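K.L.:
I'd like to go over a predicted model; first the sequence, then the structure.
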Amino acid sequence: MPAWAVDAVTYAVTNEFVSQAQVNSTAQVTYVDVINAITKATTLDEATIEALANLGFDDAKVITRGDLAMILGTAFPSDEVQTVAYTDVSSELQAYVQACASTGLLIGKSDITFDTVSTLQYYELACVAERIAKNFNTAE
């Protein structure tokens, strides 16, 4: 886990969005893990829950950063779209990645790389859950 993530991970573990065991493990993050973390960090309305279900992810699906962008862009759309110049984002994911950039929930690995194909790490999920809890109508 990178040093920049420590405070966010501590917050997420303390508030039980994710567990310390998850963060310490090498296990892969699944769709159900993401939904559990999000719903512990905030309350989702029925329309958002239905929209997430319509994405068609199986509960056991291993989540990539691109998948997470789809989930976050669906659950937390932004009226203000920030244009991003990532060179590795497909046209299919572009709107979701822009929504993530606009809300600040998930950012690129660099100024030009988002890294949509990498498997999501638990520390990344913890950081996202912390941002959701602090910036959206929280269930804390």
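P.N.:
Yep, that arrived.
K.L.:
check contacts around residue 112.
P.N.:
Contact partners of residue 112, counting by Cβ atoms under 8 Å, 6 or more residues apart in numbering, are 85-87. Heads up, the C-betas are built off the backbone N, CA and C, glycines and all.
K.L.:
confirm it sits in a strand?
P.N.:
No - under the criterion used here (DSSP: H, G, I helix; E, B strand; the rest coil), residue 112 is coil, not part of a strand.
K.L.:
are any of the contacts of residue 112 buried, and if so which?
P.N.:
With burial judged by 16 or more other Cβ atoms under 10 Å, the buried subset of the contacts of residue 112 is residue 86.
K.L.:
dump the contacts of residue 112 into TSV; add secondary structure and distance to residue 129 as well.
P.N.:
Output for these, formatted as TSV (DSSP: H, G, I helix; E, B strand; the rest coil; distance: Cβ to Cβ, whole Å):
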residue	secondary structure	distance to residue 129
85	coil	27
86	coil	23
87	coil	28
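K.L.:
for the contacts of residue 112, which one is nearest residue 40?
P.N.:
When the contacts of residue 112 are compared for distance to residue 40 (Cβ to Cβ), residue 86 comes out closest, at 28.9 Å.
K.L.:
identify the residues contacting that closest one.
P.N.:
Shown here is residue 86, whose contacts under the criterion Cβ under 8 Å, 6+ apart are 97, 108, 112-114.
K.L.:
since we're on residue 43, how many residues are nearby?
P.N.:
One way to gauge burial is a neighbour count; for residue 43, by other Cβ atoms under 10 Å, it gives 12.
K.L.:
correct me if wrong: residue 71 contacts residue 34.
P.N.:
Yes - here residue 71 lies in contact with residue 34, judged by Cβ atoms under 8 Å, at a distance of 5.9 Å.
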